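Chemist: model this:
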Amino acid sequence: MVKVGANVERYYATAQMVVAVERVTLQPLRTDFSPVGFARRLEFEMRIEWTPGEDGGPGAATLRRHLTKVHGRAPRANDKLGCSDPRSLSPDPLGMLLPHRSGDFVFTLVRMGQVGRRAAMMVDYRSITKGEIRSSWHDDCVSVELPGRSSGRLWIDPETGGVLRMDEHLVGKFDISVPFENQRKGVAARLTVERADTSTRYEEVTFLNPKETLMMPLEVDTIQMIRGAGSGMRIHRVLTGFRRFATEGLLRGN
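Modeler: Modelled structure (predicted):
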């Protein structure tokens with residue numbers, strides 16, 4: 001995992017110069033995971049921001065988004081942010097593999113496998129540090145933090161240490177108390193977070209001038225289910241149109 005951590009650091013140092021188009025489809029689900037109602041479609045300009053640590057300390061990687069389309073049109077002033085819409089700032093999932101986070105997880109080699117036609121080491125991980133469960137409300141939207149309550153599997157290129165695929169899921173179910181003012185709006189007194197599964201697929205993207213190949217996220221699929229909230233959500237993200245800042249203020253295509 002030392003090799004993987006070093007690969008992630010190099011990736012962030014370079015990927016912060018890359019901008020991509022992120023197309024997001026949000027499909028509400030019934031409690032049996034069947035679709036209900038119409039899907040919401042958004043488009044963002046997305047980039048990774050990497051802040052190296054000072055004096056060799058830990059760095060931080062963040063996804064920054066700028067909304068460019070809602071259902072295929074330019075955003076309007078009255079377009080409201082949906083409860084499950086991607087945030088303008090969010091942590092990048094590969095950040096857990098940075099060297100300073102290695103003590104937070106246990107990694108177990110499972111076996112050799114494949115991602116597409118590429119050989120890959122399958123490595124399971126689980127958290128060994130658990131933080132405080134937090135929930136915050138804004139109108140009818142609830143945001144839940146469950147630090148250390150997830151586990152997952154990595155598919156790793158044995159030669160480069162690059163991550164080819166990353167799956168993560170909750171370990172158990174977790175109850176959340178609902179403030180009285182939100183109960184009055186028809187929300188149950190207690191919600192149960194039953195599922196939060198995410199699968200991310202990475203593929204090589206080649207950039208020119210200078211020529212360079214990076215393993216970039218191409219597709220992310222998430223399923224969320226909170227019992228008592230009325231429905232769940234499937235969030236499908238596809239990234240395309242990768243382009244790189246070759247110099248300040250200049251974008252070049254791949």
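
Chemist: Can you spell out which helices and strands pack onto the lengthiest helix in the chain?
Modeler: Ranked by residue count, the top helix of the chain under DSSP state H comes out as helix 2-15. If you count contacts as 3 or more CB pairs under 8 Å, 6 or more residues apart in numbering; DSSP states H and E, helix 2-15 packs onto strand 40-51, strand 163-170, strand 212-227. From N, CA and C alone the C-beta is placed, and that goes for glycine too.

Chemist: Counting neighbours, which bits of it end up buried?
Modeler: Buried positions in helix 2-15, judged by neighbour count with 16 or more other CB atoms under 10 Å: 4-5, 7-9, 11-12, 15.

Chemist: Run the chain-centre distance for it.
Modeler: In terms of CA atoms, centre = their mean, to the nearest Å, the gap separating the centre of helix 2-15 from the centre of its chain is 17 Å.

Chemist: could you check the angle strand 40-51 makes with it?
Modeler: Relative orientation of helix 2-15 and strand 40-51, computed by axes from the mean of the first three to the mean of the last three CA atoms, to 10 degrees: 110 degrees.

Chemist: Only alpha carbons, please: show stretch 23-41 as PDB.
Modeler: Coordinates of each C-alpha in stretch 23-41 appear next as PDB, following Å, rounded to 0.1, in the frame of the first residue of the first chain:
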ATOM      1  CA  ARG A  23     -22.800  14.600 -16.200                       C
ATOM      2  CA  VAL A  24     -25.000  13.500 -13.200                       C
ATOM      3  CA  THR A  25     -28.300  11.600 -13.300                       C
ATOM      4  CA  LEU A  26     -30.200  11.400 -10.000                       C
ATOM      5  CA  GLN A  27     -33.000   8.800 -10.000                       C
ATOM      6  CA  PRO A  28     -35.400   8.600  -7.000                       C
ATOM      7  CA  LEU A  29     -36.000   5.000  -5.800                       C
ATOM      8  CA  ARG A  30     -38.700   3.300  -3.900                       C
ATOM      9  CA  THR A  31     -37.700   1.300  -0.800                       C
ATOM     10  CA  ASP A  32     -37.500  -1.800  -3.100                       C
ATOM     11  CA  PHE A  33     -34.900   0.100  -5.200                       C
ATOM     12  CA  SER A  34     -37.300   0.300  -8.200                       C
ATOM     13  CA  PRO A  35     -37.300   3.800  -9.900                       C
ATOM     14  CA  VAL A  36     -40.000   6.300  -9.100                       C
ATOM     15  CA  GLY A  37     -40.700   9.600 -10.800                       C
ATOM     16  CA  PHE A  38     -38.500  11.500 -13.200                       C
ATOM     17  CA  ALA A  39     -34.700  11.600 -13.000                       C
ATOM     18  CA  ARG A  40     -32.900  14.900 -12.400                       C
ATOM     19  CA  ARG A  41     -30.000  15.600 -14.800                       C
END
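
Chemist: Check which residues of that stretch are buried.
Modeler: Buried residues in stretch 23-41, counted by 16+ other CB under 10 Å: 23-24, 26-29, 40.

Chemist: Mind putting the buried residues of helix 2-15 into CSV with pLDDT?
Modeler: As requested, the buried residues of helix 2-15 are exported to CSV (pLDDT from 0 to 100):
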residue, pLDDT
Val4, 90
Gly5, 87
Asn7, 89
Val8, 90
Glu9, 87
Tyr11, 87
Tyr12, 88
Ala15, 86
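
Chemist: The chain: helices as residue ranges?
Modeler: Using DSSP H, helices in the chain cover 2-15, 180-183.

Chemist: Would you point out which residue is most central in the chain?
Modeler: Pro93 (5.3 Å; CA atoms, centre = their mean).
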